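**Q** The sequence isn't on hand, but the structure is:
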Ligand SMILES: C[S@@+](CC[C@H](N)C(=O)[O-])C[C@H]1O[C@@H](n2cnc3c(N)ncnc32)[C@H](O)[C@@H]1O
């Protein structure tokens with residue numbers, strides 16, 4: 001079955017520059033949950049040890065996944081967009097412990113023969129998939145005690161549920177449209193609990209105090225029960 005979302009994200013990929021070579025600390029890999037450079041928490045949110053199996057839903061060009069791999073995890077990424085994955089393979093070809101798959105996140109979760117110690121999504125498939133489908137699918141593929149975490153833009157007040165995101169395709173063409181799901185933090189927390197997650201948190205990480213950008217990042221996290 002062809003998926004028009006794949007072409008839309010290929011278009012997005014063309015306009016998106018590769019990640020910087022180093023961050024402000026001079027590191028060549030790093031984890032960034034937010035849309036702001038050198039800002040916010042890192043991979044510690046996942047609470048995993050070297051050797052853990054970690055899955056990135058909508059890994060894009062693979063910057064966060066490469067960092068997870070350099071920490072010693074078995075790092076698996078799935079993404080709809082061949083263009084995004086092409087950038088990931090080009091940039092991170094010398095990073096060991098990374099596996100990349102082209103495909104749709106829900107289908108990948110349904111077909112996976114293994115469970116994961118952590119599953120995450122940074123402005124990725126969990127943002128662009130109905131949480132009524134995504135949250136139970138993720139819960140079902142987490143090992144006992146495993147962590148799920150996702151980040152995305154906070155909802156605009158009053159604009160809740162399925163929303164349209166427009167990806168520009170040039171002056172003479174209509175934009176591509178993809179769906180995303182926006183809710184206030186307390187609704188995300190209630191949904192995670194409804195699907196069996198424990199120790200749930202959902203909060204907005206404020207934008208950096210410096211600069212003029214004021215929109216923070218919603219970070220949602222929950223744990224599959226240990227039994
Ligand atoms: C805004 S980009 C973010 C990429 C990456 N996580 C990052 O932080 O740079 C969204 C990514 O999610 C992928 N994506 C969206 N919906 C998806 C789905 N249902 N299954 C797999 N990948 C998906 C897109 O192809 C795209 O690469």
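**A** Perfect, thanks for sending it. This one's a predicted model, so the numbers in the text were calculated from it and none came from an experiment. Residues are numbered from 1 along each chain as shown.

**Q** Distance from the chain centre to stretch 31-51, please.
**A** 11 Å (CA atoms, centre = their mean, to the nearest Å).

**Q** do stretch 213-226 as well
**A** Chain-centre distance of stretch 213-226: 11 Å, with CA atoms, centre = their mean.

**Q** anything in it near the ligand?
**A** No - for stretch 213-226 and the ligand, the contact criterion (CB under 6 Å from any ligand atom) is not met; the two come no nearer than 11.0 Å. Quick note: C-beta positions are derived from backbone N, CA and C, even for glycine.

**Q** tell me the mean pLDDT for that stretch?
**A** Over the span of stretch 213-226, the pLDDT mean works out to 97.

**Q** gap between the two ends of it?
**A** End-to-end distance of stretch 213-226 (CA to CA, to the nearest Å): 40 Å.

**Q** again with stretch 8-25
**A** 34 Å.

**Q** Longest strand of the chain, counting residues only.
**A** The strand that spans the most residues within the chain, counting by DSSP state E, is strand 142-152.

**Q** Tell me the first helix or strand C-terminal of that strand.
**A** strand 161-167 (DSSP states H and E).

**Q** Mind telling me what element the most centrally placed residue in the chain is part of?
**A** Centre of the chain computed as the mean C-alpha position; nearest residue by CA atoms, centre = their mean is residue 121, 1.9 Å away. Element membership of residue 121, judged by DSSP H and E, is strand 116-122.

**Q** Please name the strands paired to that strand in the sheet, noting orientation.
**A** As defined by DSSP bridges, the strand partners of strand 116-122 come to strand 53-57 (parallel), strand 142-152 (parallel).

**Q** most neighbours per residue, which of those?
**A** Comparing the strands paired with strand 116-122 by mean neighbour count (mean count of other CB atoms under 10 Å), strand 53-57 comes out on top with a mean of 26.

**Q** if we can go back for a sec, which residues touch the longest strand of the chain?
**A** Contacting residues not belonging to strand 142-152 are listed as 33-34, 45-48, 53, 115-124, 126-127, 138-139, 180, 182, 192, 197, 205, 217-227 [CB atoms under 8 Å, 6 or more residues apart in numbering].

**Q** Ok, stretch 217-227 next?
**A** Residues beyond stretch 217-227 that count as contacts (CB under 8 Å, 6+ apart) turn out to be 33-36, 40-41, 45, 139, 142-155, 185, 188-189, 192-193, 196-205, 207.

**Q** Filter the contacts of strand 142-152 down to just the buried residues.
**A** Neighbour counting over the contacts of strand 142-152 (16 or more other CB atoms under 10 Å) leaves 33-34, 45-46, 48, 53, 116-124, 126-127, 138-139, 180, 182, 192, 197, 205, 217-224 as the buried ones.

**Q** did I read that right, residue 11 in a helix?
**A** Yes - when the secondary structure is assigned by DSSP: H, G, I helix; E, B strand; the rest coil, residue 11 falls within a helix.
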